[in-house]
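Enquirer: Below is the sequence, then the predicted model.
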Amino acid sequence: MGIALTGSGSCTPQVSLDNHGLSQIVETSDEWISSRTGIRQRRLADAETSVCAIAVAASKQALEMAQIAPTDIDLIILATSSADDLFGTASQIQVQLGATKAVAFDLTAACSGFVFGLVTAAQFIRTGAYQNVLLIGADILSRWVNWSDRGTCVLFGDGAGAVVMQANDRDRLLGFEIRSDGTQNACLNLAYRPQPKELVPGVTIAQGAYQPITMNGQEVYRFAVKKVPEVIEKAIFRSNISVEEIDWLLLHQANQRILDAVAQRLKIPPEKVISNLANYGNTSAASIPLALDEALRQGKIKPGDTIAAAGFGAGLTWGATIFQWGR
């Protein structure tokens, strides 16, 4: 059974914080941030905005583009690291969409989440288990940022993106490669910090809280510029095509220097690189589908175009997929 990507949608909060505004919070400047990351501003969710709400908004757009009803969806996968409910948010999305026959679950692989979710959804379609899958990447990492740490707070923004994947006679998912390396887990964390609590003498449990994001920026940069081109090359090889046949390079929107370095190593010209991080920052699992949807609605990506998409981030995890847009 083949796979087609037939609809996309996205949603970002209305509130925008540019680099000048951020310089009022921490010691930084627009020049410092933009020269090191390429980010000019980011969208931030207010206290009333939930991951569920922006995910539902993005999903409705994707369903409309794909021209299918919520009741046609068999499976909903939410890629997120900032769920509204630690037990899962996908089922809330299912209810709000009215996707009454869909099974729904969360998938956590940080900034690689959308790519991992796409590969996971593909297996359900290929086996014939499901026909129509809604894949969402959504994160509100502003909840988990230390806003006095200029090494991390300048990077992240909030948003959601969604795609509809459908069973198709012609297979548009050409190949993929996904990887993990837990030995580098400490490079990027949003960790739980336990605090001992004695219930009765001799019985102590741990009750604590999750701590803000911490990151070794130099190590993550070195990891990304080395591993991401390799995994894209493997996915291209599995797809039985050449780099020259790639129409668009769609990377996780983490840092413009990473995007440029990966494209240079793969010998992909800058005009084929999709980048919107200047306006949104790093939206984690949302970044790839958000950039995809924007490029589609701007008319850049056309039906039949071949896209190399790659995610990378905490875990550490990384992966790439090669797919063609449309049926």
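Expert: Received, thanks.

Enquirer: As a check, name the ranges of all helices in this protein.
Expert: 19-22, 30-37, 51-66, 90-97, 113-126, 150-153, 217-239, 256-266, 277-280, 287-297 (DSSP state H).

Enquirer: now, of those helices, which is deepest in the fold?
Expert: helix 287-297 (a mean of 25; mean count of other CB atoms under 10 Å). Using the backbone N, CA and C atoms, a C-beta is placed for each residue, glycine as well.

Enquirer: angle of it against helix 113-126?
Expert: Put simply, helix 287-297 runs at 80 degrees to helix 113-126, going by axes from the mean of the first three to the mean of the last three CA atoms, to 10 degrees.

Enquirer: Could you check how far helix 287-297 is from the centre of its chain?
Expert: When distances are taken as CA atoms, centre = their mean, to the nearest Å, helix 287-297 is centred 11 Å away from the chain's centroid.

Enquirer: ok, back up a step: of all the helices of the chain, which lies closest to residue 318?
Expert: Residue 318 sits nearest to helix 217-239 of all these, at 5.3 Å, using CB to CB.

Enquirer: Please work out the average pLDDT along the closest one.
Expert: Taken as a whole, helix 217-239 has a mean pLDDT of 95.

Enquirer: Now do the contacts for the one residue sitting closest to the centre of the chain.
Expert: Closest residue to the average C-alpha location of the chain: residue 285 at 1.9 Å, with CA atoms, centre = their mean. By CB atoms under 8 Å, 6 or more residues apart in numbering, the contact list for residue 285 reads 79-81, 109-114, 117, 137-139, 311.

Enquirer: Roughly how far does the nearest residue to residue 98 once chain neighbours are set aside sit from residue 64?
Expert: Ranked by CB to CB, 6 or more residues apart in numbering and with sequence neighbours excluded, the top spatial neighbour of residue 98 is residue 70, at 4.6 Å. Residue 70 sits at a distance of 11 Å from residue 64 (criterion: CB to CB, to the nearest Å).

Enquirer: before we move on, what about residue 123?
Expert: From residue 123 across to residue 64, the span is 26 Å (CB to CB).

Enquirer: Confirm for me that residue 68 is in contact with residue 132.
Expert: Yes - between residue 68 and residue 132 there is a contact at 6.2 Å, judged by CB atoms under 8 Å.
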